[in-house]
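Peer 1: the sequence and its predicted three-dimensional model are supplied below.
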Amino acid sequence: MAKARKPLVVIGFLGITLDQGTGKQRWNKWRPTLHACGIPDLPVARLELLTTGSHAALEAQVLADLAEVAPAMEVRLSRLPVENPWDFAEVYAALDDWSRAHAPDREREDCLVHVATGTHVAQICLYLLVDTGRLPGRLLQTAPPAMPNGARGEHAIIDLDLSKYDRLKTRGAKDQREHHAFLKQGIRTRNRAFNDLIGRIERVALASDEPMLLTGPTGSGKSQLARQIHLLKRRERRLAGPFVDVNCATLRGDGAKSALFGHVKGAFPGAASDRAGLLRSADEGLLFLDEIGELGLDEQAMLLRAVEEKSFLPVGSDKPASSAFQLLAGTNRDLEAEVRAGRFREDLLARINLWTFRLPSLAERREDIEPNLDFELERFEVARGRRVSMNKEARERFLAFATSDEARWPGNFRDFNATLVRMATLAPAGRIDLATVEDELDRLRGSWRASSRPDTHAAFLGELLGAKVDDLDRFDAVQLSEVVAICRASRSLSEAGRALYAASRRKKSSTNDADRLRKYLARFGLDFERVRGT
Ligand SMILES: Nc1ncnc2c1ncn2[C@@H]1O[C@H](COP(=O)(O)OP(=O)(O)O)[C@@H](O)[C@H]1O
Ligand SMILES: [Mg+2]
């Protein structure tokens, strides 16, 4: 059985110009409100006619004509308290208030919101109210007839709930997901803070050509991300030129200026021909200055000028060269501290600090270790042309370790990726098993222990003391490592004792050096043989 139709309510603004009409002629003119209420097959039970301002004569005329077109229809006129019909906030608030009080009950009535009349502001506000569900119903669009020969025009009903429009609405979201995936190379990272960060980077990369600064520890992915930002900008046509990648740590001394800014032939001995320099090469493209903290102060000044004026002087030239490059800088240093120490120009920092993004360390993104594991295994397969898998227990063991507090990943992705490459390479028959994982974990623990030594003198303490090295105060570690070094350079305990206690010996305040040394070593569970032996 067909459902009984609910009464139809139309909500719409009085069309201050479009609904005008005088004399008999008016019946030949297209007037949207009359059109909306006179559509055959769409009998309107009630019209909610909204106005702003006072238009008494027009209102009277339209009401009289509506009574002729739709005699059974009820018309309710509401004058919205709006002073400026172009003020978005005011119109929206007035409409929102009106709908709270008068919106049809969707259970009992069908509702069409007529959007052919009213100012653009009013139409947009109506659209928003329908789109957000504050006004129940569908949009009614009316338009004048294609041939100007009568009052009857075209109409269309638009249901914003239908999937067609859902797809429209999700288009933007889909683009954004694509950009995210693009910046992340398709790695489905789960860390909320990281994903938010990528979202912000994406918005800035697509909206601004100003310098950006990527900070974060070594191996956190700054260089990688810089490359992806370039690709994204290129794809979205924010730039057309190349990606020029420079590690400023390699630009030391005299060559730095000419490498960056170029030189003219004869500028200095050895300048046999003109050189364009990296800034010129990055014209219309992206210049990535990695480790920008390593740049000399002179070069920093020239760079600032180049960023601000898009021009600079090549070495030995008095004619400025120009380049429209976008600047992306990377650093793992605290540039503010560098400024305080006089090693980095404050004005340059201010210029590149506008958009600063700090990439988290891997230890801060433990949820992302698993997606990265799969990503790297695939990458290995593509690069080496052979498939490597990981059996279940191996995978569980590895992930448990890799995401634990014990795993510090000091070199971040560089360490992590190296670990996977080692395991994949050593995997028997292309399958990483538990034994391969355990071997790798031992190796990692050993190397992290060695690198967590309190200072560089203590290189061998990790090997000598094992995990106990972590319990050593730095104070003791420094002393002990020196003692170990002397012992290793000596043939006997007495010889080492004489070297270590030479001053006391001269003052005759100590006689038994060997015994003193033996007791010192014993405090750490060590003896001379053991120290010499390893
Ligand atoms: N999100 C990531 N997932 C997996 N590997 C990454 C990721 N970002 C970078 N890498 C890899 O980690 C290594 C270090 O990245 P890189 O961008 O050079 O770091 P940084 O410049 O911060 O020192 C590179 O081998 C790079 O391919
Ligand atoms: Mg780098």
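Peer 2: Alright, I've got the coordinates. Ligands and ions are numbered 1, 2, ... in the order given.
Peer 1: show me what from the stretch 101-250 of the chain comes close to ligand 2.
Peer 2: Taking C-beta under 5 Å from the ion as the criterion, the stretch 101-250 of the chain approaches ligand 2 at residues 222-223. All C-beta spots, glycine's among them, are computed from the backbone N, C-alpha and C.
Peer 1: make it 8 Å
Peer 2: 218-219, 222-224, 226, 247 (C-beta under 8 Å from the ion).
Peer 1: now the buried members of the residues you listed.
Peer 2: Using 16 or more other C-beta atoms under 10 Å as the burial test, these include 219, 222-223, 226 as buried.
Peer 1: which of the residues you listed fall in helices?
Peer 2: 222-223, 226 (DSSP state H).
Peer 1: and those near ligand 1, which?
Peer 2: Near ligand 1, judged by C-beta under 6 Å from any ligand atom, the entries from these are 222-223.
Peer 1: sorry, back to before: for the buried ones among the residues of the stretch 101-250 of the chain next to ligand 2, give me a markdown table that also has distance to L517.
Peer 2: Listed next are these as a markdown table, based on distance: C-beta to C-beta, whole Å:
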| residue | distance to L517 |
| --- | --- |
| G219 | 41 |
| K222 | 48 |
| S223 | 49 |
| A226 | 54 |
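Peer 1: domain ranges for the chain?
Peer 2: Listed domain ranges for the chain are 8-161, 175-265+275-358, 362-446, 456-533 (source: automatic domain parsing).
Peer 1: out of the buried ones among the residues of the stretch 101-250 of the chain next to ligand 2, who's nearest L139?
Peer 2: When those are ranked by distance to L139 (C-beta to C-beta), A226 comes first, at 45.4 Å.
Peer 1: which SSE is the nearest residue to that closest one once chain neighbours are set aside in?
Peer 2: Spatial nearest neighbour of A226, chain neighbours left out: F288 (4.4 Å); criterion: C-beta to C-beta, 6 or more residues apart in numbering. Using DSSP states H and E, F288 sits in strand 286-290.
Peer 1: what residues does the stretch 401-534 of the chain have near ligand 1?
Peer 2: Proximity of the stretch 401-534 of the chain to ligand 1, by C-beta under 6 Å from any ligand atom, involves residues 413-414, 417.
Peer 1: same thing but at 5 Å, please
Peer 2: Residues of the stretch 401-534 of the chain that fall close to ligand 1, judged by C-beta under 5 Å from any ligand atom: 413-414.
Peer 1: in the stretch 401-534 of the chain, what residue is nearest ligand 2?
Peer 2: Nearest to ligand 2, among the residues of the stretch 401-534 of the chain, is R414, at 9.2 Å (C-beta to the ion).
Peer 1: report the contact partners of that residue.
Peer 2: Counting by C-beta atoms under 8 Å, 6 or more residues apart in numbering, R414 makes contact with 218-219.
Peer 1: recalculate using a threshold of 10 Å.
Peer 2: Counting by C-beta atoms under 10 Å, 6 or more residues apart in numbering, R414 makes contact with 218-221, 362.
Peer 1: just D159 next, same as before
Peer 2: Per C-beta under 10 Å, 6+ apart, neighbours of D159: 130, 137-139, 165.
Peer 1: on that earlier part again, go through the strand holding F288 and flag the buried ones.
Peer 2: By neighbour count on 16+ other C-beta under 10 Å, the buried set for strand 286-290 is 286-290.
Peer 1: could you confirm the residue of the stretch 401-534 of the chain closest to ligand 2 falls within a helix?
Peer 2: Yes: if the criterion is DSSP: H, G, I helix; E, B strand; the rest coil, then R414 is within a helix.
Peer 1: and the average pLDDT for the helix or strand R177 falls within is what?
Peer 2: In this structure, R177 sits in helix 163-183 according to DSSP H and E. The average pLDDT within helix 163-183 is 68.
Peer 1: from the chain's centre, how far out does the helix or strand following it sit?
Peer 2: Following helix 163-183 in sequence order, the next helix or strand is helix 192-207 (DSSP H and E). Centroid displacement of helix 192-207 relative to its chain, using C-alpha atoms, centre = their mean, to the nearest Å, is 2 Å.
Peer 1: also stretch 388-407?
Peer 2: On C-alpha atoms, centre = their mean, the centre of stretch 388-407 falls 28 Å from that of its chain.
Peer 1: now it: buried residues?
Peer 2: Buried residues in stretch 388-407 (16+ other C-beta under 10 Å): 388, 390, 394-395, 397-399, 401-403, 407.
Peer 1: circling back to that earlier point, give me the helices and strands touching the strand holding F288, please.
Peer 2: Applying 3 or more C-beta pairs under 10 Å, 6 or more residues apart in numbering; DSSP states H and E, one finds that strand 286-290 contacts strand 212-215, helix 222-235, strand 243-247, helix 278-281, helix 297-309, strand 326-331.
Peer 1: name the residues of the stretch 151-300 of the chain found near ligand 1, please.
Peer 2: 218-224.
Peer 1: CA atoms of stretch 185-203 as CSV?
Peer 2: Coordinates of each C-alpha in stretch 185-203 appear next as CSV, following Å, rounded to 0.1, in the frame of the first residue of the first chain:
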residue,chain,number,x,y,z
GLN,A,185,54.4,7.7,1.2
GLY,A,186,51.3,5.6,1.8
ILE,A,187,52.4,4.4,5.2
ARG,A,188,49.3,4.0,7.3
THR,A,189,50.7,5.7,10.4
ARG,A,190,48.5,5.5,13.5
ASN,A,191,50.1,8.0,15.8
ARG,A,192,47.6,10.8,16.3
ALA,A,193,50.1,13.6,16.9
PHE,A,194,52.1,12.6,13.8
ASN,A,195,49.0,12.4,11.6
ASP,A,196,47.9,15.9,12.8
LEU,A,197,51.3,17.2,12.1
ILE,A,198,51.2,15.8,8.5
GLY,A,199,47.8,17.5,8.2
ARG,A,200,49.2,20.8,9.2
ILE,A,201,52.2,20.4,6.9
GLU,A,202,49.9,19.6,4.0
ARG,A,203,47.7,22.7,4.6
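Peer 1: centroid residue for the chain?
Peer 2: Compute the mean C-alpha point of the chain, and by C-alpha atoms, centre = their mean the closest residue is I198, 1.5 Å away.
Peer 1: surely that one meets R188?
Peer 2: No: the criterion here is C-beta atoms under 10 Å, and I198 misses it with R188 at 11.8 Å.
Peer 1: find the residues that touch each one of those two.
Peer 2: Here I198 and R188 share the contacting residues 180-181, scored by C-beta under 10 Å, 6+ apart.
Peer 1: on that earlier part again, looking at the buried residues of stretch 388-407, which are in helices?
Peer 2: Members of those lying in helices (criterion: DSSP H): 394-395, 397-399, 401-402.
Peer 1: go through these and say which is closest to L251.
Peer 2: Nearest to L251 among those is A402, at 35.8 Å by C-beta to C-beta.
Peer 1: next, count neighbours for the closest residue to the closest one other than its chain neighbours.
Peer 2: For A402, ignoring the flanking residues on the chain, the nearest one in space by C-beta to C-beta, 6+ apart is I369 at 5.0 Å. By other C-beta atoms under 10 Å, the residues close to I369 number 21.
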